[in-house]
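[1] Predicted model and sequence follow; I will ask about them next.
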Amino acid sequence: MTEKKRPLLITTGEPAGIGMDVVLNLAAEGKLQDFDRPIWVTADAKAMQVRADELVAAGVLKSIPSWHTINTDVNVDNFDVNLVEQISKQKINVDSAFILLNVPCAERVTGGQINIANSAMVAQQLDIAHQLAVNGTVAAIVTGPLQKSALIDAGIKLLDGTIFSGHTEFFMQQSGCEKVVMMLANQAMKVALVTTHLPLKDIPAAITADNVRQTVQIVIDDMREKFGLMQPRILVCGLNPHAGEGGHLGMEEIEIINPVLREFIDAGVNISESMPADTLFTTRHLANCDAVIAMYHDQGLPVLKSHGFGDTVNLTLGLPYIRTSVDHGTALDLAGRGGASATSLYQAIVMANEMADRSIVSGSIV
Ligand SMILES: N[C@H](C(=O)O)[C@H](O)COP(=O)(O)O
(Lines give C-alpha, C1' and ligand atoms only; values in the text may rest on other atoms or scores of the structure.)
Protein backbone atom coordinates (compact mmCIF):
# COMPACT_ATOMS: atom_id res chain seq x y z
CA MET A 1 0.00 0.00 0.00
CA THR A 2 1.38 3.46 -0.87
CA GLU A 3 1.82 5.87 2.00
CA LYS A 4 -0.87 8.50 2.30
CA LYS A 5 0.00 12.14 1.82
CA ARG A 6 -0.29 14.76 4.57
CA PRO A 7 -3.82 15.31 5.90
CA LEU A 8 -6.31 17.98 4.94
CA LEU A 9 -7.91 19.68 7.94
CA ILE A 10 -11.55 20.81 7.89
CA THR A 11 -12.80 23.19 10.57
CA THR A 12 -16.55 22.86 11.12
CA GLY A 13 -16.81 26.40 12.49
CA GLU A 14 -19.98 27.53 14.27
CA PRO A 15 -21.45 24.45 16.01
CA ALA A 16 -25.02 25.78 15.78
CA GLY A 17 -24.66 26.10 12.00
CA ILE A 18 -24.37 23.61 9.16
CA GLY A 19 -20.59 23.05 9.28
CA MET A 20 -20.92 19.62 10.90
CA ASP A 21 -23.90 18.74 8.67
CA VAL A 22 -22.01 19.23 5.43
CA VAL A 23 -19.03 17.20 6.67
CA LEU A 24 -21.40 14.39 7.71
CA ASN A 25 -23.15 14.52 4.32
CA LEU A 26 -19.88 14.05 2.46
CA ALA A 27 -18.71 11.36 4.89
CA ALA A 28 -21.97 9.41 4.53
CA GLU A 29 -21.68 9.54 0.73
CA GLY A 30 -18.11 8.22 0.93
CA LYS A 31 -16.81 11.41 -0.67
CA LEU A 32 -14.21 12.15 1.97
CA GLN A 33 -12.48 9.00 0.79
CA ASP A 34 -12.07 10.38 -2.76
CA PHE A 35 -8.72 11.83 -1.68
CA ASP A 36 -5.46 10.03 -1.04
CA ARG A 37 -5.04 12.07 2.10
CA PRO A 38 -6.43 11.52 5.60
CA ILE A 39 -9.19 14.00 6.44
CA TRP A 40 -9.02 15.57 9.89
CA VAL A 41 -12.04 17.50 11.18
CA THR A 42 -12.26 19.85 14.17
CA ALA A 43 -15.59 19.74 16.04
CA ASP A 44 -17.11 19.04 19.44
CA ALA A 45 -17.34 15.22 19.54
CA LYS A 46 -20.63 15.13 21.47
CA ALA A 47 -22.25 17.72 19.24
CA MET A 48 -21.10 15.82 16.15
CA GLN A 49 -22.75 12.63 17.41
CA VAL A 50 -25.99 14.47 18.22
CA ARG A 51 -25.99 16.15 14.79
CA ALA A 52 -25.45 12.81 13.05
CA ASP A 53 -28.36 11.32 15.01
CA GLU A 54 -30.56 14.30 14.07
CA LEU A 55 -29.71 13.94 10.39
CA VAL A 56 -30.53 10.24 10.47
CA ALA A 57 -33.83 11.00 12.22
CA ALA A 58 -34.58 13.66 9.59
CA GLY A 59 -33.99 11.08 6.86
CA VAL A 60 -31.01 12.99 5.46
CA LEU A 61 -28.43 10.35 6.32
CA LYS A 62 -29.23 6.68 5.78
CA SER A 63 -26.66 5.70 8.37
CA ILE A 64 -24.11 7.37 10.58
CA PRO A 65 -20.66 7.43 8.97
CA SER A 66 -17.79 6.05 10.98
CA TRP A 67 -15.14 8.38 12.33
CA HIS A 68 -12.35 8.16 14.87
CA THR A 69 -12.16 10.67 17.71
CA ILE A 70 -8.92 12.10 19.16
CA ASN A 71 -8.91 14.51 22.06
CA THR A 72 -6.92 17.68 21.47
CA ASP A 73 -5.31 20.03 23.90
CA VAL A 74 -3.87 22.98 22.09
CA ASN A 75 -2.29 24.25 25.32
CA VAL A 76 0.22 21.41 25.74
CA ASP A 77 3.81 21.90 24.57
CA ASN A 78 4.46 20.64 21.05
CA PHE A 79 0.73 20.25 20.53
CA ASP A 80 1.13 19.23 16.89
CA VAL A 81 3.85 16.64 17.58
CA ASN A 82 1.77 15.14 20.38
CA LEU A 83 -1.24 14.98 18.14
CA VAL A 84 0.60 13.17 15.35
CA GLU A 85 2.08 10.72 17.90
CA GLN A 86 -1.35 10.10 19.42
CA ILE A 87 -2.88 9.44 16.00
CA SER A 88 -0.04 7.17 14.88
CA LYS A 89 -0.41 5.03 18.04
CA GLN A 90 -4.14 4.47 17.54
CA LYS A 91 -5.57 1.55 15.64
CA ILE A 92 -7.79 3.45 13.26
CA ASN A 93 -10.46 1.52 11.40
CA VAL A 94 -9.84 1.85 7.67
CA ASP A 95 -13.55 2.57 7.19
CA SER A 96 -13.31 5.72 9.32
CA ALA A 97 -14.35 8.54 7.02
CA PHE A 98 -12.37 11.06 9.04
CA ILE A 99 -10.44 11.70 12.22
CA LEU A 100 -12.33 14.02 14.52
CA LEU A 101 -10.12 16.32 16.58
CA ASN A 102 -12.36 16.94 19.56
CA VAL A 103 -12.55 20.62 20.48
CA PRO A 104 -15.10 20.72 23.30
CA CYS A 105 -17.76 23.42 23.51
CA ALA A 106 -18.32 25.20 26.82
CA GLU A 107 -22.07 24.50 26.71
CA ARG A 108 -24.40 22.04 25.03
CA VAL A 109 -24.96 22.75 21.35
CA THR A 110 -28.43 23.21 19.88
CA GLY A 111 -28.58 23.34 16.11
CA GLY A 112 -29.83 26.72 14.90
CA GLN A 113 -29.28 28.51 18.20
CA ILE A 114 -26.18 30.65 18.49
CA ASN A 115 -24.69 30.53 21.97
CA ILE A 116 -21.80 32.91 22.41
CA ALA A 117 -20.51 30.77 25.29
CA ASN A 118 -19.35 28.44 22.50
CA SER A 119 -17.62 31.10 20.42
CA ALA A 120 -14.25 30.50 22.10
CA MET A 121 -14.38 26.95 20.74
CA VAL A 122 -14.85 28.33 17.22
CA ALA A 123 -11.77 30.51 17.62
CA GLN A 124 -9.87 27.56 19.09
CA GLN A 125 -10.55 25.55 15.93
CA LEU A 126 -8.89 28.31 13.93
CA ASP A 127 -5.92 28.37 16.31
CA ILE A 128 -5.49 24.63 15.91
CA ALA A 129 -5.81 24.86 12.14
CA HIS A 130 -3.22 27.62 11.94
CA GLN A 131 -0.73 25.76 14.14
CA LEU A 132 -1.07 22.51 12.23
CA ALA A 133 -0.79 24.25 8.85
CA VAL A 134 2.07 26.58 9.65
CA ASN A 135 4.13 23.66 10.99
CA GLY A 136 3.32 21.58 7.93
CA THR A 137 1.50 18.86 9.90
CA VAL A 138 -1.47 19.25 7.57
CA ALA A 139 -1.19 20.05 3.87
CA ALA A 140 -4.07 22.52 3.83
CA ILE A 141 -6.94 24.00 5.81
CA VAL A 142 -10.53 23.92 4.55
CA THR A 143 -12.77 26.10 6.69
CA GLY A 144 -16.47 25.68 7.36
CA PRO A 145 -18.75 28.62 8.09
CA LEU A 146 -18.66 30.64 11.27
CA GLN A 147 -20.91 33.38 12.54
CA LYS A 148 -18.78 36.51 12.67
CA SER A 149 -21.31 38.38 14.81
CA ALA A 150 -21.20 35.62 17.47
CA LEU A 151 -17.42 35.90 17.80
CA ILE A 152 -17.68 39.68 17.95
CA ASP A 153 -20.46 39.51 20.58
CA ALA A 154 -18.30 37.10 22.60
CA GLY A 155 -15.52 39.69 22.60
CA ILE A 156 -13.13 37.61 20.51
CA LYS A 157 -10.47 39.79 18.99
CA LEU A 158 -7.84 39.47 16.31
CA LEU A 159 -4.18 39.53 17.36
CA ASP A 160 -3.96 43.29 16.74
CA GLY A 161 -6.83 43.88 19.19
CA THR A 162 -9.44 44.74 16.54
CA ILE A 163 -12.78 42.94 16.38
CA PHE A 164 -12.94 39.54 14.70
CA SER A 165 -13.74 40.26 11.05
CA GLY A 166 -13.17 36.92 9.32
CA HIS A 167 -10.97 33.89 8.75
CA THR A 168 -8.99 35.87 6.17
CA GLU A 169 -7.87 38.50 8.64
CA PHE A 170 -7.41 35.92 11.43
CA PHE A 171 -5.01 33.72 9.45
CA MET A 172 -3.21 36.78 8.05
CA GLN A 173 -2.45 38.11 11.51
CA GLN A 174 -1.57 34.72 13.01
CA SER A 175 0.88 34.18 10.14
CA GLY A 176 2.46 37.60 10.56
CA CYS A 177 1.60 38.55 6.98
CA GLU A 178 1.30 42.24 6.21
CA LYS A 179 -1.18 41.50 3.43
CA VAL A 180 -3.17 38.55 2.09
CA VAL A 181 -5.78 38.48 -0.68
CA MET A 182 -9.29 37.06 -0.56
CA MET A 183 -10.17 35.27 -3.78
CA LEU A 184 -13.37 33.43 -4.67
CA ALA A 185 -13.36 30.98 -7.54
CA ASN A 186 -15.88 28.92 -9.48
CA GLN A 187 -16.17 27.49 -12.99
CA ALA A 188 -17.14 30.91 -14.38
CA MET A 189 -14.44 33.13 -12.90
CA LYS A 190 -11.91 33.89 -10.19
CA VAL A 191 -12.30 37.19 -8.35
CA ALA A 192 -9.68 38.63 -5.98
CA LEU A 193 -10.32 41.64 -3.75
CA VAL A 194 -8.12 44.61 -2.88
CA THR A 195 -10.15 45.23 0.30
CA THR A 196 -12.17 42.69 2.32
CA HIS A 197 -14.43 43.26 5.30
CA LEU A 198 -14.60 47.05 5.48
CA PRO A 199 -17.54 49.42 5.74
CA LEU A 200 -18.18 51.01 2.33
CA LYS A 201 -17.29 54.46 3.63
CA ASP A 202 -13.77 53.30 4.54
CA ILE A 203 -12.94 51.79 1.15
CA PRO A 204 -11.59 54.80 -0.78
CA ALA A 205 -8.96 55.45 1.91
CA ALA A 206 -7.90 51.79 1.73
CA ILE A 207 -7.26 51.96 -2.03
CA THR A 208 -3.63 52.98 -1.74
CA ALA A 209 -0.82 52.37 -4.24
CA ASP A 210 0.81 49.93 -1.80
CA ASN A 211 -2.39 48.00 -1.27
CA VAL A 212 -3.09 47.72 -5.01
CA ARG A 213 0.54 46.77 -5.74
CA GLN A 214 0.67 44.11 -3.02
CA THR A 215 -2.67 42.66 -4.12
CA VAL A 216 -1.59 42.38 -7.75
CA GLN A 217 1.76 40.82 -6.80
CA ILE A 218 0.12 38.23 -4.51
CA VAL A 219 -2.42 37.34 -7.21
CA ILE A 220 0.36 36.86 -9.80
CA ASP A 221 2.48 34.77 -7.40
CA ASP A 222 -0.36 32.53 -6.26
CA MET A 223 -1.88 32.10 -9.72
CA ARG A 224 1.52 30.64 -10.60
CA GLU A 225 2.17 28.67 -7.45
CA LYS A 226 -1.31 27.51 -6.51
CA PHE A 227 -3.02 27.29 -9.91
CA GLY A 228 -0.01 26.56 -12.13
CA LEU A 229 -0.80 29.54 -14.42
CA MET A 230 2.62 30.96 -15.22
CA GLN A 231 1.40 33.96 -17.28
CA PRO A 232 -1.99 34.78 -15.73
CA ARG A 233 -4.26 37.17 -17.65
CA ILE A 234 -5.66 39.65 -15.13
CA LEU A 235 -8.38 42.28 -15.51
CA VAL A 236 -8.77 45.01 -12.89
CA CYS A 237 -11.93 46.90 -11.94
CA GLY A 238 -11.86 50.62 -11.29
CA LEU A 239 -13.21 51.92 -7.99
CA ASN A 240 -15.70 54.42 -9.40
CA PRO A 241 -18.52 54.07 -11.94
CA HIS A 242 -17.10 54.01 -15.49
CA ALA A 243 -13.64 53.63 -13.90
CA GLY A 244 -13.84 57.32 -13.00
CA GLU A 245 -14.94 58.58 -16.47
CA GLY A 246 -11.62 60.25 -17.13
CA GLY A 247 -11.60 61.88 -13.69
CA HIS A 248 -15.16 63.25 -13.82
CA LEU A 249 -16.48 60.53 -11.50
CA GLY A 250 -13.49 60.14 -9.19
CA MET A 251 -9.71 60.42 -9.32
CA GLU A 252 -8.56 57.13 -7.74
CA GLU A 253 -8.08 55.43 -11.13
CA ILE A 254 -5.88 58.23 -12.50
CA GLU A 255 -3.97 59.03 -9.34
CA ILE A 256 -3.57 55.63 -7.66
CA ILE A 257 -4.73 52.52 -9.50
CA ASN A 258 -3.52 53.00 -13.09
CA PRO A 259 0.02 54.15 -12.24
CA VAL A 260 0.50 50.94 -10.24
CA LEU A 261 -1.01 48.79 -13.00
CA ARG A 262 1.28 50.42 -15.57
CA GLU A 263 4.30 49.30 -13.48
CA PHE A 264 3.17 45.70 -13.97
CA ILE A 265 2.32 46.21 -17.65
CA ASP A 266 5.78 47.70 -18.24
CA ALA A 267 7.29 44.66 -16.50
CA GLY A 268 5.55 42.37 -19.01
CA VAL A 269 2.60 41.20 -16.88
CA ASN A 270 -0.62 40.46 -18.79
CA ILE A 271 -2.83 42.86 -16.80
CA SER A 272 -5.27 45.61 -17.79
CA GLU A 273 -5.48 49.18 -16.58
CA SER A 274 -8.62 49.78 -14.51
CA MET A 275 -11.84 48.96 -16.35
CA PRO A 276 -15.48 49.83 -15.62
CA ALA A 277 -16.68 46.93 -13.45
CA ASP A 278 -20.05 46.71 -15.20
CA THR A 279 -18.53 45.90 -18.58
CA LEU A 280 -15.53 43.97 -17.26
CA PHE A 281 -17.88 41.28 -15.95
CA THR A 282 -19.23 40.42 -19.39
CA THR A 283 -18.68 37.14 -21.20
CA ARG A 284 -16.43 38.68 -23.84
CA HIS A 285 -13.91 39.94 -21.29
CA LEU A 286 -14.16 37.00 -18.91
CA ALA A 287 -13.45 34.58 -21.75
CA ASN A 288 -9.94 36.01 -22.03
CA CYS A 289 -9.10 36.36 -18.37
CA ASP A 290 -7.77 34.08 -15.64
CA ALA A 291 -8.53 36.36 -12.70
CA VAL A 292 -10.39 39.59 -12.00
CA ILE A 293 -9.22 41.98 -9.31
CA ALA A 294 -12.09 43.95 -7.76
CA MET A 295 -11.61 46.88 -5.44
CA TYR A 296 -14.09 45.77 -2.78
CA HIS A 297 -16.17 42.85 -1.55
CA ASP A 298 -19.57 43.69 -3.04
CA GLN A 299 -18.15 44.91 -6.34
CA GLY A 300 -16.86 41.47 -7.24
CA LEU A 301 -18.52 38.80 -5.15
CA PRO A 302 -22.21 39.28 -6.10
CA VAL A 303 -21.30 38.81 -9.77
CA LEU A 304 -19.26 35.71 -9.03
CA LYS A 305 -21.83 34.16 -6.69
CA SER A 306 -24.64 34.79 -9.20
CA HIS A 307 -22.69 32.46 -11.51
CA GLY A 308 -22.42 29.53 -9.15
CA PHE A 309 -23.39 30.00 -5.54
CA GLY A 310 -22.94 26.62 -3.92
CA ASP A 311 -20.08 25.61 -6.20
CA THR A 312 -17.81 28.49 -5.29
CA VAL A 313 -14.66 28.24 -3.21
CA ASN A 314 -13.26 31.03 -1.08
CA LEU A 315 -9.47 30.97 -0.72
CA THR A 316 -6.79 33.11 0.86
CA LEU A 317 -3.78 33.99 -1.28
CA GLY A 318 -0.47 35.10 0.22
CA LEU A 319 -0.54 32.89 3.34
CA PRO A 320 2.37 30.57 4.10
CA TYR A 321 -0.08 27.65 3.70
CA ILE A 322 -3.12 26.65 1.68
CA ARG A 323 -6.51 27.75 2.97
CA THR A 324 -9.77 27.22 1.10
CA SER A 325 -13.31 27.63 2.37
CA VAL A 326 -16.99 27.21 1.62
CA ASP A 327 -18.83 30.10 -0.07
CA HIS A 328 -21.84 30.01 2.25
CA GLY A 329 -22.71 31.01 5.79
CA THR A 330 -23.95 29.06 8.79
CA ALA A 331 -27.56 28.58 7.49
CA LEU A 332 -28.80 28.21 11.08
CA ASP A 333 -32.32 27.24 9.97
CA LEU A 334 -30.98 24.11 8.25
CA ALA A 335 -28.69 22.81 11.00
CA GLY A 336 -29.69 19.29 12.00
CA ARG A 337 -32.71 19.35 9.70
CA GLY A 338 -31.33 18.60 6.25
CA GLY A 339 -31.30 20.72 3.13
CA ALA A 340 -27.73 21.93 3.55
CA SER A 341 -25.75 21.42 0.35
CA ALA A 342 -22.22 20.09 0.69
CA THR A 343 -21.16 21.00 -2.86
CA SER A 344 -19.13 24.05 -1.88
CA LEU A 345 -17.32 22.12 0.85
CA TYR A 346 -16.54 19.37 -1.63
CA GLN A 347 -15.20 21.87 -4.17
CA ALA A 348 -13.13 23.53 -1.43
CA ILE A 349 -11.58 20.16 -0.53
CA VAL A 350 -10.92 19.35 -4.20
CA MET A 351 -9.18 22.69 -4.70
CA ALA A 352 -7.11 22.38 -1.51
CA ASN A 353 -6.08 18.86 -2.49
CA GLU A 354 -5.06 19.93 -6.01
CA MET A 355 -3.07 22.84 -4.64
CA ALA A 356 -1.33 20.59 -2.13
CA ASP A 357 -0.49 18.10 -4.90
CA ARG A 358 0.83 20.93 -7.09
CA SER A 359 3.07 22.17 -4.30
CA ILE A 360 4.60 18.70 -3.97
CA VAL A 361 5.32 18.57 -7.72
CA SER A 362 6.84 22.05 -7.78
CA GLY A 363 8.87 21.21 -4.69
CA SER A 364 7.81 24.27 -2.74
CA ILE A 365 6.41 22.17 0.10
CA VAL A 366 7.78 18.74 0.93
N1 LIG B 1 -16.35 37.24 2.08
C2 LIG B 1 -16.52 35.85 2.28
C3 LIG B 1 -17.52 35.29 1.34
O4 LIG B 1 -18.20 36.05 0.70
O5 LIG B 1 -17.61 34.09 1.24
C6 LIG B 1 -16.97 35.57 3.67
O7 LIG B 1 -17.35 36.74 4.27
C8 LIG B 1 -16.01 34.77 4.43
O9 LIG B 1 -14.88 35.51 4.80
P10 LIG B 1 -13.73 34.79 5.61
O11 LIG B 1 -13.24 33.63 4.74
O12 LIG B 1 -12.67 35.80 5.78
O13 LIG B 1 -14.28 34.33 6.91
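    That came in fine, so what should we check first?
[2] how about the residue lying closest to Ser272 once chain neighbours are set aside, secondary structure?
    Leaving aside its sequence neighbours, Ser272 sits nearest to Leu235 (Cβ to Cβ, 6 or more residues apart in numbering; 4.8 Å). In short, each C-beta sits where N, CA and C put it, glycine included. Three-state call for Leu235 (DSSP: H, G, I helix; E, B strand; the rest coil): strand.
[3] ok, what's across the strand from Leu235?
    Val292 (DSSP bridges).
[4] Now do it against Val216, distance only.
    Separation of Leu235 from Val216 (Cβ to Cβ, to the nearest Å): 11 Å.
[5] ok, now Leu126?
    From Leu126 over to Val216 the distance is 28 Å, taken as Cβ to Cβ.
[6] Count residues in the vicinity of the closest residue to the ligand within the stretch 151-300 of the chain, would you?
    When scored by Cβ to the nearest ligand atom, the stretch 151-300 of the chain has Gly166 as its residue closest to the ligand, at 2.7 Å. Counted with other Cβ atoms under 10 Å, residues neighbouring Gly166 total 19.
[7] for it, what are its contacts?
    Applying Cβ atoms under 8 Å, 6 or more residues apart in numbering, we find Gly166 in contact with 148, 196-197.
[8] Next: Thr137.
    With Cβ under 8 Å, 6+ apart, Thr137 has these contacts: 6-7, 80, 83-84, 131.
[9] just those now: which is nearest the ligand?
    The closest of the contacts of Thr137, once distances to the ligand are taken by Cβ to the nearest ligand atom, is Gln131, at 18.3 Å.
[10] hang on, that closest one is in a helix, isn't it?
    Yes. Per three-state DSSP, Gln131 lies within a helix segment.
[11] So which residues on the protein come close to the ligand?
    Listed as neighbours of the ligand in the chain under the rule Cβ under 6 Å from any ligand atom: 166-168, 297, 301, 314, 325, 327.
[12] run the last query once more with 5 Å
    Counting by Cβ under 5 Å from any ligand atom, the chain comes close to the ligand at 166-168, 314, 325.
[13] can you tell me which of the residues you listed are in helices?
    Among these, the ones falling in helices (DSSP state H) are 167-168.
[14] so can I have a markdown table of the residues of the chain next to the ligand showing distance to Ile254 and pLDDT?
    Listed next are the residues of the chain next to the ligand as a markdown table, based on distance: Cβ to Cβ, whole Å; pLDDT from 0 to 100:
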| residue | distance to Ile254 | pLDDT |
| --- | --- | --- |
| Gly166 | 31 | 93 |
| His167 | 35 | 96 |
| Thr168 | 29 | 94 |
| Asn314 | 32 | 96 |
| Ser325 | 35 | 97 |
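[15] So which of the residues of the chain next to the ligand wins on neighbours?
    That'd be Ser325 among these, by other Cβ under 10 Å, with 29 neighbours.
[16] Show me the helices in the stretch 151-300 of the chain, by range?
    Taking DSSP state H, counting those that start in this stretch, the helices of the stretch 151-300 of the chain run over residues 167-174, 203-206, 209-225, 252, 258-266, 277-280, 283-286, 297-306.
[17] Would you map out the domains in this structure?
    Following automatic domain parsing, the chain resolves into domains at 1-177+319-366, 180-315.
[18] Any idea how far apart the tips of the shortest one sit?
    Looking back up the chat, that one is domain 180-315. 10 Å (Cα to Cα, to the nearest Å).
[19] How far off centre is that domain?
    Chain-centre distance of domain 180-315: 18 Å, with Cα atoms, centre = their mean, to the nearest Å.
[20] Equivalent analysis for the longest one, please.
    The gap between the average C-alpha position of domain 1-177+319-366 and the chain average comes to 11 Å, counting by Cα atoms, centre = their mean.
[21] Let's check: the centremost residue of this structure is which one?
    The residue lying closest to the centre of the chain (Cα atoms, centre = their mean) is Ser325, at 2.9 Å.
[22] for that one, what are its contacts?
    Each residue near Ser325 by Cβ under 8 Å, 6+ apart is listed here: 142-144, 167, 313-316, 348.
[23] between the residues you listed, which is closest to the ligand?
    Closest to the ligand, out of all of the contacts of Ser325 and judged by Cβ to the nearest ligand atom, is His167, at 3.6 Å.
[24] The closest one and Leu146 touch, don't they?
    Yes. Between His167 and Leu146 there is a contact at 7.3 Å, judged by Cβ atoms under 8 Å.
[25] for Glu85, helix, strand, or coil?
    Per three-state DSSP, Glu85 ends up helix.
[26] now it: how far from the ligand?
    Using Cβ to the nearest ligand atom, to the nearest Å, Glu85 is found at 31 Å from the ligand.
[27] just to revisit the earlier point, ramachandran angles for the residue of the stretch 151-300 of the chain closest to the ligand?
    Torsion angles at Gly166 (phi, psi; degrees, to the nearest 10) stand at phi 160, psi 170.
[28] and the gap between it and Val50?
    Counting by Cβ to Cβ, the gap from Gly166 to Val50 is 28 Å.
[29] separation between Met20 and the ligand?
    Here Met20 is placed at a distance of 17 Å from the ligand (Cβ to the nearest ligand atom).
[30] Can you identify the element that follows the helix or strand encompassing that residue toward the C-terminus?
    Under the criterion of DSSP states H and E, Met20 resides in helix 19-28. Sequence order places strand 39-43 as the next helix or strand after helix 19-28, per DSSP H and E.
[31] Parallel or antiparallel, list what pairs with that following strand.
    Using DSSP bridges, strand 39-43 pairs in its sheet with strand 8-11 (parallel), strand 98-102 (parallel).
[32] Tell me which of these sits most buried.
    strand 8-11 (a mean of 28; mean count of other Cβ atoms under 10 Å).
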